[in-house]
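*Asks:* Pasted the sequence and its predicted model underneath.
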Amino acid sequence: MLEIRNLQVRLEDEGKEILKGVDLTVEPGRVHAIMGPNGSGKSTLSYVLSGRDGYEVTGGTAVLDGHDLLEMEPEERAAAGLFLAFQYPVEIPGVGNMTFLRTALNAQRKARGEAEISAGDFLKLVREKARALKIDAEMLKRPVNVGFSGGEKKRNEILQMAVLEPSMCILDETDSGLDVDAMRLVADGVNALRSEGRGFLVITHYQRLLDHIRPDVVHIMADGRIVKTGGPELALEVEQNGYADILAEVR
Amino acid sequence: MAAPLRKDDAREAATEARIAALGRPGGGFTAPARTDALARLTAMGLPTRRDEYWRWTDPAAFNAPEPAGGAALRVDKPIFEGRDKVRLVFVDGVFDAAASDNPALAGVEIERLAVADRADIHWAKALYGVLEAEGQAPVARPFAALNTAAATDGLLIRVTGRAAKPLHISYRQGSERSDAVLHHVVRLEPGAELTVLETGTAGARSNLVMEVDLGEGARFHHLRPQGRALDRAMITHLFARVAEGALLKSFTLTANGKLTRNEAVIRIVGDGAVAHVAGAALGDGADGPFLHDDTIFVTHAGVGCESRQVFKKVLKHGARGIFQGKILVRPGAQKTDGYQISQSLLLDDDSQFLAKPELEIYADDVKCSHGSTTGAIDETALFYLRSRGVPRAEATALLVLSFVADAIAEIEDADLASDIVARIEDWLALRQG
């Protein structure tokens, strides 16, 4: 379970306040969506939770299954079960996708005091997960995200998620840059990972992704706060009327 | 032939002292070449930092009549161990027959210079010191002339067919004061193929020359992981002449070493030939001083030839990296495809990379490009890896491998390339502890 309480964050360099007291609880097995206009702080929330440099937490807490996330290094957060699917997955030339995946999985296992996975078992595991995402062997051999299309990059993010089996997944604008078919493939991948023990936080500007990944709860974020929370119907309201009405209503 | 360096008394005195301390081996077929080389060296004089070509690398350690003493010994972990090959071992520049394999390889004649040089007639007479002498213009390379004059041993390799396995020249350092001067000559007859692996630390100080003559359509692969001794000073010269349709690929890995200067002087003389020189250097000043210098000169004199220079340096804690690379396209060398890239990854603010890329082109229908960059670890990529659970040090190591990947890609043999990668991983792992 992810519990965020009164989280306040500002940019380290400019001192600009981005998050002004975010409260959010994501229970295992549930899919929460965060929607909001550009600049509302959605992506900042995902970065702060995963430990990216450049942000200063000035108040509040974020706890994942009893772990105080804000006190941990990014790799420790990952080993504790947090996963961020990037809006812009990073290209790493010269490092094979398989090497990258195995290094990540074994690092997490080591951090949790588990034995490393054998080469044979790893290969079997990745092939099985890749098949479901229509990721072929050739793509697994290529360097991480290099020469991948937008859709391939996002499917690669979901493959990492499937292999690493986190308890809490954050998807940052996963729909950006995807056409409808690619989005469906990614959404199918995410839906296949939905399970009782796993929570999701889906960050998106548009409602369309939520047609494919059906959320249990929808939050509207504006100016660094969650200003409204509701069911899936809230996303439809945004789709029909835009953010202006909701923002006017809560002000 | 050689462009004389600036004359001055100090240079003359230093050169005289250096020559006086040199041994005078040989006396057989190499005698005329050695005499000529000595005359060249005397005329050129030893370099100083006032010479343009030595501006960034202090040649004092190579100029001194004796090597600096006390170079700590380091037993190098063997590399290419699992690969089928013929290994010939030199310890402190002295051939070690007991440690070497029987030098029998189908399609390849292998002789020791020190032994063959008892005769007056030899095929290598047409090459010994000849490619070196041709490589003295337009830039003087005094230490190569010194090597030709004073080399105590080396291998004379004549390849008439396709060698079934690599020839491995394995250097070892056994003394803290050794001064190794070795000179190899390789002749590939038309259509012949050979891979030479050159590994280890040849001496506390070493001066190594390899002259390679590629006949038409010959293929020569050269893979050189240099020894990891920290205190060694090493200067190497690779002189190559590449005939029509021939291919040369040379890759050097340098991890550690107080002072390394690797010069490659490649002349493409036939049409449709290919020459690639690449290297990765890794230096951590916390282990001791580190200066690595790649000085490359590729001349295109044939039509439709391709050359590539791909050099990567990873530097930390005051380590210094130098790259001086030139592509010269002679009149008439049309359809030349020349490429040069030199890049450094600085792992802190304390290290330094200096690069001097040069193009000199006298043909109008050519494609030549060069680039040089200096950068730090990509923080976004680092975060990406860490967000997947990879700890900072391990993530940094992966990004270093990513950085050197373009140079590694110049190694054609996948098994040998994986051995090189493993060696880099070793070096990086030591730094995580």
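*Replies:* Looks like it came in fine.

*Asks:* contacting residues around residue 239?
*Replies:* Going with chain A. A:206, A:207, A:208 (Cβ atoms under 8 Å, 6 or more residues apart in numbering or on different chains). Using the backbone N, CA and C atoms, a C-beta is placed for each residue, glycine as well.

*Asks:* should've been chain B
*Replies:* With Cβ under 8 Å, 6+ apart, residue B:239 has these contacts: B:131, B:132, B:134, B:135, B:144, B:209, B:210, B:211, B:212, B:265.

*Asks:* Disregarding flanking residues, what is the spatial nearest neighbour of it?
*Replies:* Counting by Cβ to Cβ, 6 or more residues apart in numbering or on different chains, residue B:131 is the residue found nearest to residue B:239 once chain neighbours are left out, at 4.0 Å.

*Asks:* Then residue B:309?
*Replies:* Per Cβ to Cβ, 6+ apart, closest to residue B:309 is residue B:340, 4.2 Å.

*Asks:* How about residue A:50?
*Replies:* Nearest to residue A:50 is residue A:84, by Cβ to Cβ, 6+ apart, at 4.2 Å.

*Asks:* Which elements pack onto the one helix or strand that neighbour maps to?
*Replies:* Using DSSP states H and E, residue A:84 sits in strand A:82-85. Applying 3 or more Cβ pairs under 8 Å, 6 or more residues apart in numbering or on different chains; DSSP states H and E, one finds that strand A:82-85 makes contact with helix A:42-50, helix A:150-164, strand A:168-172.

*Asks:* how about these, which one is nearest residue B:366?
*Replies:* helix A:150-164 (37.0 Å; Cβ to Cβ).

*Asks:* buried ones in that closest one?
*Replies:* A:151-164 (16 or more other Cβ atoms under 10 Å in any protein chain shown).

*Asks:* now, which of these lie close to chain B?
*Replies:* A:160, A:164 (Cβ under 8 Å from any Cβ of the partner chain).

*Asks:* Now that we have the buried residues of helix A:150-164, can you turn them into TSV and tack on distance to residue B:195 and pLDDT?
*Replies:* Listed next are the buried residues of helix A:150-164 as TSV, based on distance: Cβ to Cβ, whole Å; pLDDT from 0 to 100:
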residue	distance to residue B:195	pLDDT
A:151	42	90
A:152	37	91
A:153	38	94
A:154	43	93
A:155	40	92
A:156	36	94
A:157	41	95
A:158	43	94
A:159	38	95
A:160	38	96
A:161	43	96
A:162	42	95
A:163	38	95
A:164	41	96
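
*Asks:* Closest one of the buried residues of helix A:150-164 to residue A:214?
*Replies:* The nearest member of the buried residues of helix A:150-164 to residue A:214, counting by Cβ to Cβ, is residue A:158 at 16.6 Å.

*Asks:* Could you find the closest non-adjacent residue to the closest one?
*Replies:* Residue A:158's closest residue in space is residue A:189 (Cβ to Cβ, 6+ apart), at 3.9 Å.

*Asks:* And that neighbour, which helix or strand is it part of?
*Replies:* Counting by DSSP H and E, residue A:189 is part of helix A:180-193.

*Asks:* Which residues does that helix contact?
*Replies:* Contacts for helix A:180-193 (Cβ under 8 Å, 6+ apart): A:132-134, A:149-151, A:154-155, A:158-159, A:161-162, A:169, A:171, A:174-175, A:178, A:200, A:208-209, A:212-213.

*Asks:* can we see that at 10 Å?
*Replies:* Under the contact criterion Cβ atoms under 10 Å, 6 or more residues apart in numbering or on different chains, helix A:180-193 has outside partners A:31, A:83, A:85, A:129, A:132-135, A:149-155, A:157-159, A:161-162, A:165-166, A:169, A:171, A:174-178, A:200, A:202, A:208-214.

*Asks:* returning to what we had before: let me have the helices and strands packed on strand A:82-85 in CSV, extended by distance to residue B:300.
*Replies:* Putting the helices and strands packed on strand A:82-85 into CSV (distance: least, Cβ to Cβ, whole Å) gives the following:
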stretch, distance to residue B:300
helix A:42-50, 50
helix A:150-164, 40
strand A:168-172, 50
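
*Asks:* Look through the stretch 151-300 of chain B and state the residue closest to chain A.
*Replies:* Among the residues of the stretch 151-300 of chain B, residue B:280 lies closest to chain A, at 11.3 Å counting by Cβ to the nearest Cβ.

*Asks:* Provide a list of residues in contact with that residue.
*Replies:* B:225, B:251-255, B:292, B:310-314, B:400-401, B:403-408, B:410, B:420-421, B:423-424.

*Asks:* hey, where'd the strands end up in the stretch 251-400 of chain B?
*Replies:* B:259-268, B:274-284, B:291-300, B:306-316, B:320-329, B:337-346, B:352-361, B:367-375 (DSSP state E, counting those that start in this stretch).

*Asks:* Also the stretch 1-150 of chain A?
*Replies:* Counting by DSSP E, counting those that start in this stretch, the stretch 1-150 of chain A has strands at residues A:2-11, A:17-26, A:31-35, A:55-64, A:67-68, A:82-85, A:92-96, A:143-144.

*Asks:* list the helices and strands the first one packs on?
*Replies:* Under the contact criterion of 3 or more Cβ pairs under 10 Å, 6 or more residues apart in numbering or on different chains; DSSP states H and E, strand A:2-11 touches strand A:17-26, helix A:42-50, strand A:55-64, strand A:199-204.

*Asks:* Could you measure from the residue positioned nearest the centre of chain A over to residue B:182?
*Replies:* Residue closest to the average C-alpha location in chain A (Cα atoms, centre = their mean): residue A:170, at 2.1 Å. Counting by Cβ to Cβ, to the nearest Å, the gap from residue A:170 to residue B:182 is 60 Å.

*Asks:* got it, and residue B:312?
*Replies:* Counting by Cβ to Cβ, the gap from residue B:312 to residue B:182 is 27 Å.
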